[in-house]
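*Asks:* Need coordinates for the following:
(one chain, ligands or ions: 1)
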Amino acid sequence: MKNKRLITVIALILIYLTGTFIYETVKEPSRPSSTNEKEKTVVGVLQFVSHPALDEIYRGIKDGLKESGLEEGRNLEINFQNGQADQSKLATMSQQLVQQDPDVLIGIATPAAQALANTTSSIPLVLGAVTDPVGAELVQSMNKPGGDITGVSDQPPIEAQIKLATEILPEAKKVGILYASSEDNSRYQVTQAEEAAKKAGLTSVKYAVPSTNEIAQTVQVMSQAVDFIYVPLDNTIANAMQTVVKEANKAQIPVIPSVDTMVEQGGLATIGINQYDLGVQTGKMAASLANGKEPASTPVYVFDEGTVIINEEQAALLGITIPDKIKEEATMVTETKEEEE
Ligand code: TRP
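*Replies:* As a prediction, this is how the structure comes out:
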């Protein structure tokens, strides 16, 4: 009896040991795959804030990476952070992203790129839609960036935009330029817009808002003083475009923004660069830097042409007839009215 029990115990122990041995052996082959993970490219992305243009750019970035053979869930890991327009968040998020030691970093919009640039000077950084990389002190020159930073600029065709405004609004004499005083990217474009206005025979007045809180009131004031409102590539204004349009519409004052997405949000018309395309270009550049291309000698990519975009609903609302000549080559958009009224 005793023997039988002993044999059973020994048998059970043997079964257990064999089982564990087989289990361990089977498990073994999964190990080398963790070395394969090293083959993964890690990209850190910091977006300044959420507004339709920047969201489109990020969508484009993912597709640009994909077109370059980098796909999430396969050989790509994206660490994404959104700073929600908060400087201290941008700084902490930059640190977190850098600590993850990515192959390449992407900053979407000037303040995000600046935060990343302040945090590292060894990881390559791609500028995603930075209007004026030289003025924002991110690169030495557009052709030879010189450091660990290069990218894509979204400098808009400002002169053509002002000219388009005067063609659509031949009676206009005075333009009000609306922007946030905190954004380096706007400062550059505002100076250019003033010159372009002068060239087109218009007088211009600048209206700088210190923060989002002053936008509604500023638009009310300027609507009494100008014939149309021009908006540069300003993130603060893009983020509050609905308020701008609502207030301007009350006074029947057209808004000429700098980008397609802001026409979709209720701007009248513009000549602009497609935001998604901007993102695709940024994604492709990030992929090539992750592959070892030198940022210092990679010129900043600049788009040389935009497309005419018109919001017909706004035109109708404001009682403006768009000349046929302009209509012919324009893309018509219908409003993505979210919470109008
Ligand atoms: N160019 C802006 C910057 O440098 C970012 C930006 C891209 C933007 N597309 C936009 C801002 C559209 C307003 C609207 O920060």
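
*Asks:* Now the most centrally placed residue in the chain. Its backbone dihedrals?
*Replies:* In the chain, the C-alpha nearest the mean C-alpha coordinate belongs to Leu54, at 3.2 Å (CA atoms, centre = their mean). For Leu54, the backbone dihedrals (degrees, to the nearest 10) come out as phi -70, psi -30.

*Asks:* ok, now Ile177?
*Replies:* Per degrees, to the nearest 10, the backbone of Ile177 is at phi -100, psi 120.

*Asks:* coming back round to it: from what I can see the residue nearest to the centre of the chain touches Ala109, true?
*Replies:* Yes: contact criterion CB atoms under 8 Å: Leu54 and Ala109 qualify, at 5.9 Å. Yep, even glycine has a C-beta here, placed from its N, CA and C like the rest.

*Asks:* Quick check: neighbours shared by those two?
*Replies:* Gln47, Phe48, Ala129, Asn235 (CB atoms under 8 Å, 6 or more residues apart in numbering).

*Asks:* is it true that the last one touches Gln84?
*Replies:* Which is Asn235. No: using CB under 8 Å, Asn235 makes no contact with Gln84, being 11.2 Å away.

*Asks:* which residues are in contact with both of the two?
*Replies:* Common neighbours of Asn235 and Gln84, using CB under 8 Å, 6+ apart, are Val49.

*Asks:* neighbour count winner among the two?
*Replies:* Neighbours per residue, other CB atoms under 10 Å: of Asn235 and Gln84, the larger number sits with Asn235, 26 against 13.

*Asks:* Quick check, pLDDT for the more buried one.
*Replies:* Note on Asn235: pLDDT of 97.

*Asks:* so what's the closest residue to Met142 other than its chain neighbours up against?
*Replies:* Spatial nearest neighbour of Met142, excluding adjacent residues (CB to CB, 6 or more residues apart in numbering): Val300 at 4.6 Å. The contact partners of Val300, by CB under 8 Å, 6+ apart, come to Leu127, Pro133, Val139, Met142, Asn143, Pro145, Thr150, Gly151, Val152, Ser153.

*Asks:* can you tell me which of those residues are in strands?
*Replies:* Counted as lying in strands by DSSP state E, out of these, are Leu127, Thr150, Gly151, Val152, Ser153.

*Asks:* Point out where this protein drops to low pLDDT.
*Replies:* Confidence mapping of the chain against pLDDT under 70 gives the ranges 1-3, 6-7, 9-38, 335-341.

*Asks:* Write out the residues of it neighbouring the ligand.
*Replies:* 53, 109-110, 129-131, 154, 185, 233-235, 238, 259, 275 (CB under 6 Å from any ligand atom).

*Asks:* Now render those as a markdown table, adding secondary structure.
*Replies:* Below are the residues of the chain next to the ligand laid out as a markdown table (DSSP: H, G, I helix; E, B strand; the rest coil):
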| residue | secondary structure |
| --- | --- |
| Ala53 | helix |
| Ala109 | coil |
| Thr110 | helix |
| Ala129 | coil |
| Val130 | coil |
| Thr131 | coil |
| Asp154 | coil |
| Asn185 | helix |
| Leu233 | coil |
| Asp234 | coil |
| Asn235 | helix |
| Ala238 | helix |
| Val259 | coil |
| Gln275 | helix |
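
*Asks:* Tell me the most packed of these, by neighbour count.
*Replies:* Highest neighbour count within the residues of the chain next to the ligand, by other CB under 10 Å: Ala129, with 33 neighbours.

*Asks:* Report the separation between the residue nearest to that one when sequence neighbours are not counted and Thr131.
*Replies:* Leaving aside its chain neighbours, Ala129 sits nearest to Asp154 (4.4 Å; criterion: CB to CB, 6+ apart). Using CB to CB, to the nearest Å, one gets 6 Å for the distance from Asp154 to Thr131.

*Asks:* between those two, what contacts are shared?
*Replies:* The contact lists of Asp154 and Thr131 share Leu233, where a contact means CB under 8 Å, 6+ apart.

*Asks:* The closest residue to Ile61 other than its chain neighbours: neighbour count?
*Replies:* Nearest residue to Ile61, sequence neighbours excluded (CB to CB, 6+ apart): Gly283, at 4.1 Å. Burial of Gly283 is recorded as 28 neighbouring residues (other CB under 10 Å).

*Asks:* Can you tell me the element Gly283 falls in?
*Replies:* If you go by DSSP states H and E, Gly283 is part of helix 275-290.

*Asks:* and the angle from that helix to strand 149-153?
*Replies:* On the basis of axes from the mean of the first three to the mean of the last three CA atoms, to 10 degrees, helix 275-290 is oriented at 160 degrees to strand 149-153.

*Asks:* Tell me the first helix or strand C-terminal of helix 275-290.
*Replies:* Note on helix 275-290: by DSSP H and E, the next helix or strand toward the C-terminus is strand 301-302.

*Asks:* what's in contact with that following strand?
*Replies:* The contact list for strand 301-302 (CB under 8 Å, 6+ apart) reads Met142, Gly151, Val152, Ser153, Gln155, Gln281, Met285.
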